[in-house]
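*Asks:* turn this into a structure:
(one chain, ligands or ions: 1)
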Amino acid sequence: MSELVIAIDGPAGAGKSTVSKLVAQRLRLSFLDTGAMYRAIALKARRAGLTPADGERAAELGERTEIAFGVGDPQPVYLDGEEVTTQIRVPEIGEFASALSVHPPVRRLLQKRQREIVARGGVVLEGRDTTTVVAPHAQVRVFLTASLEERARRRCAELQAKGQDASFEGVLREIEERDRRDSTREDSPLVHAPDVTELVTDGLSIDEVVDRVIALVPPKTR
Ligand code: DC
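*Replies:* Numbering: from 1, shown residues only. The predicted structure is shown next:
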(Lines give C-alpha, C1' and ligand atoms only; values in the text may rest on other atoms or scores of the structure.)
Protein backbone atom coordinates (compact mmCIF):
# COMPACT_ATOMS: atom_id res chain seq x y z
CA MET A 1 0.00 0.00 0.00
CA SER A 2 1.40 3.40 -1.03
CA GLU A 3 2.12 5.97 1.66
CA LEU A 4 2.10 8.72 -0.91
CA VAL A 5 -0.17 11.71 -0.32
CA ILE A 6 -0.62 14.42 -2.95
CA ALA A 7 -2.60 17.54 -1.99
CA ILE A 8 -3.94 19.88 -4.65
CA ASP A 9 -5.25 23.27 -3.60
CA GLY A 10 -6.37 26.31 -5.54
CA PRO A 11 -9.29 28.53 -6.51
CA ALA A 12 -12.55 27.58 -8.24
CA GLY A 13 -12.21 26.46 -11.84
CA ALA A 14 -8.43 25.93 -11.80
CA GLY A 15 -8.87 22.30 -12.87
CA LYS A 16 -8.22 20.71 -9.45
CA SER A 17 -10.76 17.91 -9.92
CA THR A 18 -9.80 16.94 -13.45
CA VAL A 19 -6.09 17.01 -12.71
CA SER A 20 -6.34 15.24 -9.33
CA LYS A 21 -8.44 12.43 -10.78
CA LEU A 22 -5.99 11.83 -13.61
CA VAL A 23 -2.97 11.94 -11.30
CA ALA A 24 -4.72 9.40 -9.03
CA GLN A 25 -5.47 7.12 -12.01
CA ARG A 26 -1.94 7.30 -13.37
CA LEU A 27 -0.33 6.58 -9.98
CA ARG A 28 -3.04 4.09 -8.88
CA LEU A 29 -3.94 6.13 -5.82
CA SER A 30 -7.40 6.82 -4.46
CA PHE A 31 -9.00 10.21 -5.00
CA LEU A 32 -10.59 12.38 -2.32
CA ASP A 33 -12.76 15.26 -3.51
CA THR A 34 -13.07 17.32 -0.32
CA GLY A 35 -15.41 19.83 -2.00
CA ALA A 36 -17.91 17.03 -2.63
CA MET A 37 -18.14 16.58 1.15
CA TYR A 38 -18.97 20.28 1.63
CA ARG A 39 -21.48 20.01 -1.20
CA ALA A 40 -23.10 16.90 0.29
CA ILE A 41 -23.56 18.61 3.67
CA ALA A 42 -24.91 21.68 1.84
CA LEU A 43 -27.48 19.56 0.03
CA LYS A 44 -28.60 17.93 3.24
CA ALA A 45 -28.77 21.28 5.07
CA ARG A 46 -30.79 22.84 2.28
CA ARG A 47 -33.21 19.94 2.20
CA ALA A 48 -33.60 20.34 5.97
CA GLY A 49 -34.58 23.99 5.45
CA LEU A 50 -31.41 25.48 6.94
CA THR A 51 -29.82 28.62 5.53
CA PRO A 52 -26.05 28.94 4.88
CA ALA A 53 -25.88 31.07 8.04
CA ASP A 54 -26.86 28.05 10.20
CA GLY A 55 -23.32 26.70 10.58
CA GLU A 56 -23.85 25.23 14.02
CA ARG A 57 -26.97 23.32 13.00
CA ALA A 58 -25.43 22.20 9.72
CA ALA A 59 -22.48 20.74 11.66
CA GLU A 60 -24.87 18.93 14.03
CA LEU A 61 -26.69 17.54 11.03
CA GLY A 62 -23.32 16.60 9.55
CA GLU A 63 -22.40 14.57 12.66
CA ARG A 64 -25.31 12.30 11.83
CA THR A 65 -24.50 12.12 8.14
CA GLU A 66 -22.67 9.47 6.22
CA ILE A 67 -20.80 10.64 3.13
CA ALA A 68 -19.30 7.91 0.98
CA PHE A 69 -17.58 7.70 -2.39
CA GLY A 70 -17.85 5.02 -5.04
CA VAL A 71 -15.56 4.22 -7.93
CA GLY A 72 -16.07 5.72 -11.38
CA ASP A 73 -15.89 8.89 -13.41
CA PRO A 74 -17.70 10.98 -12.33
CA GLN A 75 -16.96 9.54 -8.92
CA PRO A 76 -20.28 8.56 -7.32
CA VAL A 77 -21.09 10.40 -4.08
CA TYR A 78 -23.50 8.94 -1.53
CA LEU A 79 -25.30 10.96 1.12
CA ASP A 80 -26.69 8.60 3.78
CA GLY A 81 -26.72 5.87 1.15
CA GLU A 82 -28.51 7.93 -1.53
CA GLU A 83 -26.58 8.68 -4.70
CA VAL A 84 -26.35 12.49 -5.08
CA THR A 85 -23.52 12.71 -7.63
CA THR A 86 -25.28 15.08 -10.04
CA GLN A 87 -27.47 16.87 -7.51
CA ILE A 88 -24.47 18.29 -5.65
CA ARG A 89 -22.96 19.72 -8.85
CA VAL A 90 -25.56 22.40 -9.58
CA PRO A 91 -24.36 26.01 -9.07
CA GLU A 92 -26.80 26.70 -6.19
CA ILE A 93 -25.30 23.87 -4.14
CA GLY A 94 -21.79 25.15 -4.91
CA GLU A 95 -22.82 28.56 -3.59
CA PHE A 96 -24.49 27.05 -0.53
CA ALA A 97 -21.40 24.92 0.16
CA SER A 98 -19.08 27.91 -0.16
CA ALA A 99 -21.21 29.97 2.23
CA LEU A 100 -21.54 27.07 4.70
CA SER A 101 -17.83 26.32 4.60
CA VAL A 102 -16.97 29.57 6.41
CA HIS A 103 -18.32 28.14 9.68
CA PRO A 104 -15.68 26.56 11.96
CA PRO A 105 -17.94 23.73 13.25
CA VAL A 106 -18.60 22.58 9.68
CA ARG A 107 -14.91 22.76 8.78
CA ARG A 108 -13.81 20.91 11.93
CA LEU A 109 -16.20 18.06 11.23
CA LEU A 110 -15.19 17.60 7.59
CA GLN A 111 -11.47 18.20 8.18
CA LYS A 112 -11.48 15.48 10.84
CA ARG A 113 -13.07 13.00 8.42
CA GLN A 114 -10.68 14.02 5.66
CA ARG A 115 -7.62 13.57 7.89
CA GLU A 116 -8.78 10.05 8.75
CA ILE A 117 -8.85 9.21 5.03
CA VAL A 118 -5.45 10.85 4.44
CA ALA A 119 -3.91 8.93 7.36
CA ARG A 120 -4.46 5.67 5.42
CA GLY A 121 -2.16 7.02 2.67
CA GLY A 122 -2.19 6.34 -1.06
CA VAL A 123 -4.40 9.29 -1.90
CA VAL A 124 -4.66 12.38 -4.06
CA LEU A 125 -6.86 14.92 -2.31
CA GLU A 126 -8.08 18.17 -3.70
CA GLY A 127 -9.73 21.24 -2.22
CA ARG A 128 -9.11 24.65 -0.75
CA ASP A 129 -7.19 24.05 2.51
CA THR A 130 -5.81 20.61 1.65
CA THR A 131 -2.19 21.80 1.37
CA THR A 132 -2.38 23.99 4.46
CA VAL A 133 -4.73 22.31 6.94
CA VAL A 134 -5.90 18.83 5.94
CA ALA A 135 -2.60 17.44 4.61
CA PRO A 136 0.21 19.91 5.38
CA HIS A 137 2.67 16.97 5.51
CA ALA A 138 1.80 15.56 2.10
CA GLN A 139 4.91 14.66 0.07
CA VAL A 140 3.54 16.68 -2.86
CA ARG A 141 1.62 19.92 -2.42
CA VAL A 142 0.47 21.95 -5.39
CA PHE A 143 -1.38 25.25 -5.68
CA LEU A 144 -3.10 24.98 -9.03
CA THR A 145 -4.30 28.23 -10.52
CA ALA A 146 -5.14 30.09 -13.73
CA SER A 147 -6.29 33.58 -14.63
CA LEU A 148 -9.87 34.49 -13.73
CA GLU A 149 -10.89 34.64 -17.41
CA GLU A 150 -9.38 31.24 -18.18
CA ARG A 151 -11.13 29.67 -15.19
CA ALA A 152 -14.47 31.22 -16.19
CA ARG A 153 -14.06 29.95 -19.77
CA ARG A 154 -13.38 26.42 -18.55
CA ARG A 155 -16.23 26.40 -16.03
CA CYS A 156 -18.61 27.73 -18.69
CA ALA A 157 -17.65 25.02 -21.16
CA GLU A 158 -18.01 22.38 -18.42
CA LEU A 159 -21.53 23.54 -17.54
CA GLN A 160 -22.58 23.81 -21.16
CA ALA A 161 -21.29 20.29 -21.82
CA LYS A 162 -23.61 19.11 -19.06
CA GLY A 163 -26.50 20.88 -20.78
CA GLN A 164 -26.73 23.59 -18.08
CA ASP A 165 -27.31 27.21 -19.03
CA ALA A 166 -24.23 29.38 -18.50
CA SER A 167 -23.23 32.85 -19.63
CA PHE A 168 -19.53 33.77 -19.52
CA GLU A 169 -20.21 37.03 -17.66
CA GLY A 170 -22.38 35.29 -15.07
CA VAL A 171 -19.87 32.50 -14.46
CA LEU A 172 -17.01 35.01 -14.21
CA ARG A 173 -18.85 36.99 -11.56
CA GLU A 174 -19.73 33.83 -9.62
CA ILE A 175 -16.09 32.67 -9.63
CA GLU A 176 -14.90 36.12 -8.57
CA GLU A 177 -17.34 36.13 -5.67
CA ARG A 178 -16.41 32.55 -4.71
CA ASP A 179 -12.67 33.43 -4.77
CA ARG A 180 -13.34 36.39 -2.56
CA ARG A 181 -15.35 34.41 -0.02
CA ASP A 182 -13.07 31.36 -0.01
CA SER A 183 -9.97 33.56 0.43
CA THR A 184 -11.31 35.94 3.05
CA ARG A 185 -12.99 33.51 5.44
CA GLU A 186 -11.29 33.46 8.82
CA ASP A 187 -11.11 29.70 9.27
CA SER A 188 -8.62 27.97 6.95
CA PRO A 189 -9.00 30.29 3.95
CA LEU A 190 -7.86 29.52 0.45
CA VAL A 191 -4.21 30.63 0.53
CA HIS A 192 -1.12 29.92 -1.44
CA ALA A 193 1.30 28.90 1.30
CA PRO A 194 4.88 29.97 0.46
CA ASP A 195 6.29 26.41 0.51
CA VAL A 196 3.61 25.00 -1.81
CA THR A 197 4.50 24.65 -5.51
CA GLU A 198 2.44 26.98 -7.69
CA LEU A 199 1.33 25.70 -11.07
CA VAL A 200 -0.29 28.27 -13.37
CA THR A 201 -2.26 26.34 -15.97
CA ASP A 202 -3.11 29.04 -18.55
CA GLY A 203 -2.09 27.71 -21.94
CA LEU A 204 -1.25 24.21 -20.67
CA SER A 205 -3.14 21.08 -21.72
CA ILE A 206 -4.56 18.83 -19.01
CA ASP A 207 -1.93 16.20 -19.80
CA GLU A 208 0.86 18.73 -19.43
CA VAL A 209 -0.46 19.76 -16.01
CA VAL A 210 -0.78 16.11 -14.92
CA ASP A 211 2.81 15.43 -16.08
CA ARG A 212 4.09 18.41 -14.09
CA VAL A 213 2.35 17.26 -10.91
CA ILE A 214 3.70 13.71 -11.31
CA ALA A 215 7.20 15.09 -11.88
CA LEU A 216 7.04 16.54 -8.35
CA VAL A 217 6.65 13.09 -6.76
CA PRO A 218 9.90 12.06 -5.04
CA PRO A 219 11.23 9.00 -6.97
CA LYS A 220 11.31 6.62 -4.03
CA THR A 221 7.64 7.18 -3.19
CA ARG A 222 6.35 6.55 -6.74
O1 DC B 1 -14.33 22.45 -4.97
P2 DC B 1 -15.85 22.68 -4.95
O3 DC B 1 -16.32 23.74 -5.89
O4 DC B 1 -16.59 21.40 -5.15
O5 DC B 1 -16.16 23.20 -3.46
C6 DC B 1 -17.38 23.78 -3.09
C7 DC B 1 -17.18 24.73 -1.91
O8 DC B 1 -16.80 23.99 -0.74
C9 DC B 1 -16.07 25.76 -2.09
O10 DC B 1 -16.54 26.97 -2.65
C11 DC B 1 -15.57 26.01 -0.70
C12 DC B 1 -15.85 24.73 0.02
N13 DC B 1 -14.64 23.91 0.23
C14 DC B 1 -13.83 24.24 1.28
O15 DC B 1 -14.12 25.22 1.97
N16 DC B 1 -12.75 23.49 1.58
C17 DC B 1 -12.42 22.43 0.81
N18 DC B 1 -11.36 21.69 1.12
C19 DC B 1 -13.22 22.10 -0.31
C20 DC B 1 -14.32 22.88 -0.58
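
*Asks:* for this structure, which residues are neighbours of the ligand?
*Replies:* Applying the criterion Cβ under 6 Å from any ligand atom, the portion of the chain that neighbours the ligand consists of 12, 34-35, 38-39, 94, 97-98, 101, 127-130, 178, 182. In this view, the C-beta of every residue, glycine as well, is placed from N, C-alpha and C.

*Asks:* most neighbours among the residues you listed, please name it.
*Replies:* For the residues of the chain next to the ligand, the largest number of neighbours (other Cβ atoms under 10 Å) sits with Thr130, at 31 neighbours.

*Asks:* skip the chain neighbours and tell me the closest residue to that residue.
*Replies:* Distances taken as Cβ to Cβ, 6 or more residues apart in numbering put Ala7 closest to Thr130, at 4.1 Å, once the chain neighbours are dropped.

*Asks:* now do the SS call for that neighbour.
*Replies:* When states are read from DSSP: H, G, I helix; E, B strand; the rest coil, the local structure at Ala7 comes out as strand.

*Asks:* show me the beta-bridge partners of it.
*Replies:* Here Ala7 sits in beta bridges with Leu125, Arg141, going by DSSP bridges.

*Asks:* before we move on, back to that, the residues of the chain next to the ligand in helices, which ones?
*Replies:* Secondary structure of the residues of the chain next to the ligand is defined by DSSP state H; positions in helices are 34-35, 38-39, 94, 97-98, 178, 182.

*Asks:* now the two most distant members of these.
*Replies:* Looking at these by Cβ to Cβ, the two members farthest from one another are Thr34 and Arg178, with 15.2 Å of separation.

*Asks:* residue contacts, the residue lying closest to Gly94 once chain neighbours are set aside?
*Replies:* Ranked by Cβ to Cβ, 6+ apart and with sequence neighbours excluded, the top spatial neighbour of Gly94 is Arg39, at 6.8 Å. Taking Cβ atoms under 8 Å, 6 or more residues apart in numbering as the definition of contact, the neighbours of Arg39 are 77, 88-89, 93-94, 97.

*Asks:* any chance of the residues you listed in JSON lines, plus distance to Ala138?
*Replies:* JSON lines is the format used below for those (distance: Cβ to Cβ, whole Å):
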{"residue": "Val77", "distance to Ala138": "23"}
{"residue": "Ile88", "distance to Ala138": "25"}
{"residue": "Arg89", "distance to Ala138": "26"}
{"residue": "Ile93", "distance to Ala138": "27"}
{"residue": "Gly94", "distance to Ala138": "25"}
{"residue": "Ala97", "distance to Ala138": "23"}
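
*Asks:* closest to the ligand out of those?
*Replies:* Within the set of the contacts of Arg39, Ala97 lies nearest the ligand; the separation is 3.9 Å, counting by Cβ to the nearest ligand atom.

*Asks:* quick one, the helix or strand Val118 falls within and strand 5-9 angle?
*Replies:* For Val118, the host element (DSSP states H and E) is helix 104-119. Here helix 104-119 runs at 150 degrees with respect to strand 5-9, directions being taken by axes from the mean of the first three to the mean of the last three Cα atoms, to 10 degrees.
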